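In: return atomic coordinates for the entry below.
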Amino acid sequence: MTGGDVLVEVVAEAIRTYTVDRCIATLDRAGIWCAPVNDFTTMVDYPYVAWTRRSVRGQRPDAGEVELVQNPLRFHGSPLPIRYAPPMLGQHTDEVLAGVGFDAAHRQILYGDGVIGCQTAMTKGSKT
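Out: Residues are numbered from 1 along each chain as shown. The predicted structure is shown next:
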């Protein structure tokens, strides 16, 4: 076990009972920039996102109409359009791995060993 592993265990144990609000308040007091990582339900219910123009509906081929969070950027007062549905889990994994230099044989080993859990593209016969 490395020193980093020990540190992660110590910190995890120390904050295990903290609420998100307590963690953020503690980090804010220390001058550390932070934000919560929300699940979808919490995110959609967050007051800023729930504001009328922050939540939009879009289409996914696998799920039909879904609720999405609007891009916060606006140009000349108009929101940016939603051009693509959010990707499926693992939809771009193989492409990203290929893009950073993993050949098909190495990617298949990573998938086979369970290092990478989703192999959408590899099951479709990617040759990259």
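In: and the closest residue to Leu73 other than its chain neighbours, how close does it get to Gln70?
Out: Excluding the flanking residues, the one nearest Leu73 by Cβ to Cβ, 6 or more residues apart in numbering is Leu80, at 5.8 Å. Just so you know, the C-beta spots here come from the backbone N, C-alpha and C atoms, and that holds for glycine as well. Distance, Leu80 to Gln70, using Cβ to Cβ, to the nearest Å: 8 Å.
In: between those two, who's got more neighbours?
Out: Gln70 (17 against 11; other Cβ atoms under 10 Å).
In: the more buried one and Thr2, how far apart?
Out: For Gln70, the distance to Thr2 - Cβ to Cβ - is 42 Å.
In: go on, Leu80?
Out: Where Thr2 is concerned, Leu80 sits at a distance of 43 Å (Cβ to Cβ).
In: can you give me the mean pLDDT across the helix or strand where Arg22 lies?
Out: In this structure, Arg22 sits in helix 20-29 according to DSSP states H and E. Averaging pLDDT along helix 20-29 yields 92.
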